[in-house]
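Colleague: predicted coordinates and the sequence they were generated for:
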Amino acid sequence: MPTGYTAMIEDRDDVTFPEFAMTCAHAFGALIEMREERLDAPIPEKITPSSYHEKGITTARAALALANALTLTAARRSAREDYERQSRNHIESMGRMRQKVAKYDAMIAEIEAWTPPTKDHIGLKKFMLEQIDTSVEYARSSLAQPDGYKPVEQTGEQYIADAVKSAERNLAYHTDGWAAECHRAAECTAWIKALRDSLCPAVSGRLANDQSDPTR
C-alpha cells in the first residue's frame with residue numbers, strides 16, 4: 001500500500017530521484033509551512049519569514065506610543081470603564097459558578113444515594129465523586145472567597161504604568177520573535193538550497209563556474 005509520498009513511484013514510470021526527494025522534503029521542518037499544501041506543490045527557492053511578529057512589532061509600538069501619550073484624565077476614564085466592565089463580568093461569572101455548583105451538588109446527592117449493586121461497583125461510585133470534586137473545586141473556592149476575585153479600580157497613574165508595561169512586554173516579545181523567525185527562514189532557505197545542490201551537482205557546478213568566469 002503506497003503512502004502519499006510513494007504513490008508517485010507506483011503511478012508513474014518517469015519519476016526521477018530528485019523529484020521523489022523534493023516531494024519527501026515536504027515532510028521536514030524546513031517546509032513545515034507547506035504542510036497544508038499538496039505534495040506536488042512547487043518548493044520555493046527561498047523561505048520568507050512569517051509576518052506575524054513583524055506586524056506585532058508595529059502594533060506594540062503604536063500601543064506604546066498611545067500609552068506614553070495618555071493623560072491622567074483619559075487614564076482615569078479608561079480605568080473606570082475597565083472597572084465597570086470587569087465588575088459586570090465578575091457578577092455574571094459568580095452567577096454561572098453558583099449554577100454549576102448547584103448542578104454538581106444535585107448529581108452528588110444522587111450518587112451518594114445510589115447503592116452499588118456489587119462490591120465491584122464501589123470503585124465506580126468513588127470515581128464519580130472524585131471526578132465531580134475535581135471539576136467543582138475552583139468554583140467552590142471562588143464562591144467561598146468572592147471578595148478575593150472582585151476587580152479593583154486602578155488609579156490613572158496605575159493604568160498608565162500597566163499600559164506602558166504591557167506594550168513594552170509585547171514589543172520585546174515580537175522583536176525577539178521576529179529575529180528568531182528571520183533566522184529560521186534563513187536556515188530553511190539554506191537547507192533547501194543544499195538539498196537542490198546535492199540533487200543537481202552538475203547544474204550547481206556549471207552555475208558556479210559561470211559566476212566565477214568573467215568571460216561568460
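Modeller: Great, that's in hand. This structure is a prediction, so every number in the text was calculated from the model and none was measured. Numbering: from 1, shown residues only.

Colleague: distance of the residue minimising distance to the centre of the chain relative to residue 147?
Modeller: Of all residues in the chain, the one closest to the mean position by CA atoms, centre = their mean is residue 52, 11.5 Å from it. According to CB to CB, to the nearest Å, residue 52 and residue 147 sit 40 Å apart. All C-beta atoms are positioned from the backbone trio N, CA, C, and that covers glycine.

Colleague: ok, now residue 191?
Modeller: For residue 191 relative to residue 147 (CB to CB), the value is 57 Å.

Colleague: quick one: which of the two has more around it?
Modeller: residue 191 (16 against 5; other CB atoms under 10 Å).

Colleague: let me know the secondary structure of residue 2.
Modeller: Following DSSP: H, G, I helix; E, B strand; the rest coil, we place residue 2 in the coil state.

Colleague: and it, what does it touch?
Modeller: Counting by CB atoms under 8 Å, 6 or more residues apart in numbering, residue 2 makes contact with 9-10.

Colleague: kindly recompute the last result at 6 Å.
Modeller: Residues near residue 2 by CB atoms under 6 Å, 6 or more residues apart in numbering: residue 10.

Colleague: ok, it to residue 24 distance?
Modeller: Distance, residue 2 to residue 24, by CB to CB: 13 Å.

Colleague: same thing with residue 161?
Modeller: Counting by CB to CB, the gap from residue 161 to residue 24 is 53 Å.
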